[in-house]
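[1] Provide a 3D model corresponding to the input given below.
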Amino acid sequence: MFVFRFLILFALMITTAPAAQASDCVIFLHGLARSRASMSKMADAFEKSGYEVVNVGYPSRKYPIEELSSRAIEEGLDGCSSGSTIHFVTHSLGGILVRYYLKHEKISNLGRVVMMAPPNKGSAVVDALRRVPGFKAINGPAGLQLGTKEGSIPLTLGPVHYEVGIVAGTKTINPFLSQYLSNPDDGKVSVENTKVEGMTDFITVQKSHPFIMRSSEVIVQAISFIRSGKFLHYEQ
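    Here you go, the predicted model:
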């Protein structure tokens, strides 16, 4: 059933979406405590689809969101060809870095943004575990800023005013963390908390937080949104 569904999605993508332009550059931003390698499968797929790609690695556990945002995004912008339309594909914290940057800075040639499993309204996991010994050491100062209460950076960012497509996961492989989240969730973020006011499109997939970016189904959906501004919706 999954293979059939994926083939339908892929066929729709290649037959309905315009080809990528050489002037389109896609910046990839990984999540907290991950590396650029976690986004490599998706970045490779975009490159094969004709996009210029910049897969950014940044020290997600070393600095707060305010500093990570400028470090990571400016590195990505420097890697894109001059005059390119700039798109972003992000996982988890990466989406918050984009929102923070665009709240304070302007990218005149901004295109579209895909956010996979973003804690746009924070994560209750952070609220529950922030005082547990070792939490800060594992997640760094940025991890402490991703809660749903006082000190939450996502809650200060407001609506988005650019094209954003959000992919939320509904499968968890971590029942311990899921006990702190409203169902459905992906083991780190509840589906409801991935949403942001002003988003252009939204879909859910049966994937967990750590692996959503490596899903072939999600890769197809991300390419569809960057190309056309919409996901491939199908009858259940």
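[2] Give me the buried positions along stretch 30-38.
    Using 16 or more other C-beta atoms under 10 Å as the burial criterion, the residues of stretch 30-38 that qualify are 30-34, 38. In short, each C-beta sits where N, CA and C put it, glycine included.
[3] got it, and stretch 174-188?
    Neighbour counts using 16+ other C-beta under 10 Å place 174, 177-178, 180-181, 184-188 of stretch 174-188 among the buried residues.
[4] ditto for stretch 41-49
    Residues 42-43, 45-46, 49 are the ones in stretch 41-49 that count as buried (16+ other C-beta under 10 Å).
[5] And stretch 69-85, by the same measure?
    Across stretch 69-85, burial judged by 16+ other C-beta under 10 Å covers 69, 71-73, 76-77, 80, 84-85.
[6] Report the two of those separated the most.
    Farthest apart among the buried residues of stretch 69-85 by C-beta to C-beta are 71 and 85. That separation is 22.4 Å.
[7] burial measure for the nearest residue to residue 142 once chain neighbours are set aside, as a count.
    Nearest residue to residue 142, sequence neighbours excluded (C-beta to C-beta, 6 or more residues apart in numbering): residue 65, at 5.0 Å. Neighbourhood size, residue 65 [other C-beta atoms under 10 Å]: 22.
[8] so residue 65 touches residue 99, yeah?
    No. Using C-beta atoms under 8 Å, residue 65 is not in contact with residue 99, being 9.5 Å away.
[9] now the helices for this structure?
    Ranges of helices in the chain, per DSSP state H, are 2-16, 40-48, 65-79, 93-104, 124-129, 135-144, 175-178, 191-194, 216-228.
[10] wait, which of these is closest to residue 166?
    Short answer: helix 191-194, nearest of the helices of the chain by C-beta to C-beta, at 5.5 Å.
[11] which of the residues in that closest one are buried?
    Judged by neighbour count (16+ other C-beta under 10 Å), helix 191-194 contains these buried residues: 191, 193-194.
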